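Q: how would this look folded up:
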Amino acid sequence: MLRNIKPHYFSIDAIMAAQEKIPCRFTKKIDSIGFLDFNVPEKEDDESDQKVELPLWMVKVFLIQKSVQFDMPKAYNEIYRGVLTADPSVVDLQKLCKHFYLFGKFLSQLEHRESYEVQQVLIYTFTNRFKQIMDWAQNIEDNQPCFNKLDCIERKIFDDARVAQQQLNTYLLEGSGQMEIASMILNYKKRKMHENRLAE
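A: Got it, this is the predicted structure:
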């Protein structure tokens, strides 16, 4: 599923994920960049090796110009990759990164020495948490505490699973009801009866 994420151009989730900040440092001197990050002191505004936090979409522009290097954000660095590998089910992804999978996928497509490791931890985290999400959706009545720990993609899966479970429960309790003949079949039978009468 993660490999096939192709967000629509107007996807709000994709737009929000692209706004996530990445710690960067410029490898070339670029004048008057202080306005890009309010955390940068004015005295560093014209210095080389300037360190700023930039949104993902802007980092991609500077990478094309080969004027910036970036570090993996906290949610994807070596420490948190270790935590997720140890037990992804206990991590509150909503607090860690609301668009964990989508932002992580975008990050893993950039040139970085840790891109492959990020890809692997995304897949591992998703496959392990998916079972738990389905279990919560099917068995827990008061699901709000669990729901609050999920990232945006997991929340959609959870909601779909809840709806599917409710529909299944309704079907099992009430049955399918009285079956009706499809209108196409009914019209076909009427037409055949009419043709037989004309043949007589």
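Q: partner strands of the helix or strand where Arg25 lies and their direction?
A: Per DSSP states H and E, Arg25 falls inside strand 21-26. Its sheet considered, strand 21-26 pairs with strand 51-55 (antiparallel), strand 68-70 (antiparallel) by DSSP bridges.
Q: ranking those by burial, who's on top?
A: Mean neighbour count, computed with mean count of other CB atoms under 10 Å, is highest for strand 68-70 among the strands paired with strand 21-26, reaching a mean of 19. Quick note: C-beta positions are derived from backbone N, CA and C, even for glycine.
Q: name the helices or strands packed onto the following helix or strand past that strand?
A: Next in sequence after strand 68-70, counting helices and strands by DSSP H and E, comes helix 78-86. Under the contact criterion of 3 or more CB pairs under 8 Å, 6 or more residues apart in numbering; DSSP states H and E, helix 78-86 touches helix 115-139.
Q: list the buried residues for the next helix or strand after the helix it packs on?
A: Next helix or strand after helix 115-139 toward the C-terminus (DSSP H and E): helix 144-147. Going by neighbour count (16 or more other CB atoms under 10 Å), the buried part of helix 144-147 is Cys146, Phe147.
Q: report the angle between the following helix or strand past helix 144-147 and helix 115-139.
A: Remark: after helix 144-147, the chain's next helix or strand is helix 152-174, criterion DSSP H and E. For helix 152-174 against helix 115-139, the angle by axes from the mean of the first three to the mean of the last three CA atoms, to 10 degrees is 30 degrees.
Q: buried residues in helix 152-174?
A: For helix 152-174, by 16+ other CB under 10 Å, it's Cys152, Ile153, Glu154, Arg155, Ile157, Phe158, Ala161, Arg162.
Q: out of the strands paired with strand 21-26, flag the one nearest Met193.
A: strand 51-55 (68.5 Å; CB to CB).
Q: re earlier: CA atoms only: put the strand holding Arg25 into CSV for me.
A: The C-alpha coordinates for strand 21-26 follow below in CSV (Å, rounded to 0.1, in the frame of the first residue of the first chain):
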residue,chain,number,x,y,z
LYS,A,21,9.8,21.1,8.3
ILE,A,22,13.3,19.5,7.7
PRO,A,23,16.5,20.6,9.4
CYS,A,24,18.9,21.8,6.7
ARG,A,25,22.2,23.6,6.2
PHE,A,26,23.2,25.5,3.1
